[in-house]
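no sequence on this one, just coordinates:
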RNA sequence: GGGCCCGUAGCUCAGUCCGGUAGAGCAUCUGGCUUUUAACCAGGUGGUCGUGGGUUCGAUUCCCACUGGGCCCGCCA
């Protein structure tokens, strides 16, 4: 039943009896695999030490070939028994695929031309007790990969690359904001009141404050704006947000976005910023402004398209969603067969966009200007009071950023919160509660400000050519397995 | 919430249609082999067939329920 191998346990005993610790403290690594491959001409004949996991072994009697994998790739160790000391020989006879080994030796080529490290010394760095997945199919079962990410990483090295690219994107966004003078801050994840978005929160309690009801944040917007009121001028936060909703290929209940607020700017500023940020990342990472995604090409060459979606929708459907009432919404829900549970104007407008326009946003597209009733935190559009100055940036038909000219009028803001509160009482569970503290803050006066939330997960999908958000989240949430089946763990 | 597909050895899979209590490769163990790279050759170990129930003389196989996963649709930013 157990997949722990008795023979491997016995190897540990054999090594310890000979005074060799199978779980030592350190090892001095001089080169990674890729460095030896890339620098072979200079390194040939020189002594190096490498360390990594033994992924394959080919034993031929007096000679053994071991493929050592470190985070840069694999390199072959070439081990001749008659060139090893006693300790190394004992390590060799007690090693198996999956062990972490250190090899000190000379850079050389084998007779077949494979760049190798000709071993002088072999060191056990960590004896595995488990059996690795087989060497040619590897680990492919999606569930097993997500539940055992350690195995996934060792068997599928491109997974590490995916997360490296994700990290590079995050760094790139940070660099962009730092270069604009943004201060990186941290605001509460555990909040008394949630807001800044429409979503169901996770509820929790804080024991030492009389079991106070608290919420995991759905957004950090209202906190960052308090900092703008305070005079910070430019602030951003890498924000893990939590929304108590179903997961699918582009939604995860916890997700990462970077929110940035910039005083004295409006949403036009951020359209330029996003064009520059995404195009420079594509260029830096792929050497091109054109990125392959799922067999199609996304062109990040600025300027990005602008879709004035309310107008577009009017052309297609005849409805001006910026002027409809909730009663209109009910009849549109029927005539357009939207099938909404709560067919108010907010959800109907949103749903019409999804139905008719979302498919046209494969190339980077700013979806411009939303009806005011969809934007409780946004200034009205200059020249059209039915609209708000807000854009959502779509790439690959996914929303990757959401930005607006922030509402700074405290009296109007209070009215918008009151409207939301009314929606809430009508049964819209996603409408956030009234936040008197926030109103109090902006009553002191908030400068003109542009705000933006930049998704990390979805751009990571695009830049790593993935179709599921779970592929860019190291440990996606999974249901708990019944006690008996723990996927290879018993 | 609806539809489709899937769960058999550590991993990747066959077997299920047409019921007779399981098979391959890799890994692992034993032996052989001093330039292999999916090394090779010979032999061995390893499975309450996702869980529970039903039908049956007999169920991995048929039926029902449950459970976990994937994809699509719906809902949700």
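Arrived safely. Since this is a predicted model, take the numbers as computed values, not measurements. Numbering: from 1, shown residues only, chains lettered A, B, ... in the order given.

use CA for all of it now, contacts and neighbours both
Noted.

low-confidence stretches in the stretch 301-450 of chain A?
Low-confidence segments of the stretch 301-450 of chain A (pLDDT under 70): none present.

what ranges does it have for its strands?
A:305-308, A:365-371, A:380-381, A:384-395, A:398-405, A:449-455 (DSSP state E, counting those that start in this stretch).

how about these in JSON lines, adding distance to residue A:27 and mean neighbour count?
Putting those into JSON lines (distance: least, CA to CA, whole Å; neighbours: other CA atoms under 10 Å) gives the following:
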{"stretch": "strand A:305-308", "distance to residue A:27": "54", "mean neighbour count": "16"}
{"stretch": "strand A:365-371", "distance to residue A:27": "51", "mean neighbour count": "24"}
{"stretch": "strand A:380-381", "distance to residue A:27": "62", "mean neighbour count": "20"}
{"stretch": "strand A:384-395", "distance to residue A:27": "45", "mean neighbour count": "22"}
{"stretch": "strand A:398-405", "distance to residue A:27": "43", "mean neighbour count": "23"}
{"stretch": "strand A:449-455", "distance to residue A:27": "40", "mean neighbour count": "25"}
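
switch those over to CSV; also include distance to RNA strand B.
Converted to CSV, the strands of the stretch 301-450 of chain A look like this (distance: least, CA to the nearest atom of the strand, whole Å):
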stretch, distance to RNA strand B
strand A:305-308, 13
strand A:365-371, 8
strand A:380-381, 16
strand A:384-395, 7
strand A:398-405, 7
strand A:449-455, 10
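
among those strands, which comes closest to residue A:49?
strand A:449-455 (41.2 Å; CA to CA).

number of nearby residues for residue A:42?
Residue A:42 has 10 neighbours, counted by other CA atoms under 10 Å.

need phi/psi at it.
Main-chain dihedrals, residue A:42, degrees, to the nearest 10: phi -80, psi -30.

related to what we said a few turns ago, of all the strands of the stretch 301-450 of chain A, which one is nearest residue A:227?
Residue A:227 lies closest to strand A:449-455 among the strands of the stretch 301-450 of chain A, at 11.5 Å (CA to CA).

what strands flank that closest one, and is each parallel or antiparallel?
Strand pairing for strand A:449-455, determined by DSSP bridges: strand A:254-263 (antiparallel), strand A:398-405 (antiparallel).

so for residue A:153, which of the strands of the stretch 301-450 of chain A sits nearest?
Using CA to CA, these put strand A:449-455 closest to residue A:153, at 24.3 Å.

residues in contact with the closest one: which ones?
The contact list for strand A:449-455 (CA atoms under 8 Å, 6 or more residues apart in numbering) reads A:256-267, A:269-270, A:400-406, A:408.

the helix or strand following it packs against which elements?
The helix or strand immediately downstream of strand A:449-455 is helix A:457-463, counting by DSSP states H and E. Other elements packing on helix A:457-463 under the criterion 3 or more CA pairs under 8 Å, 6 or more residues apart in numbering; DSSP states H and E are helix A:157-179, strand A:254-263, strand A:290-293, strand A:398-405.

residues in contact with helix A:457-463: which ones?
With contacts defined as CA under 8 Å, 6+ apart, helix A:457-463 is touched by A:162, A:165-166, A:169, A:250, A:255-257, A:282, A:291, A:293, A:396, A:398-400, A:467-469, A:471-473.

the stretch 151-300 of chain A: helices as residue ranges?
A:157-179, A:221-229, A:267-286 (DSSP state H, counting those that start in this stretch).

how about these in CSV, adding mean pLDDT?
CSV is the format used below for these (pLDDT from 0 to 100):
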stretch, mean pLDDT
helix A:157-179, 96
helix A:221-229, 97
helix A:267-286, 97
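
cool, thanks, talk later.
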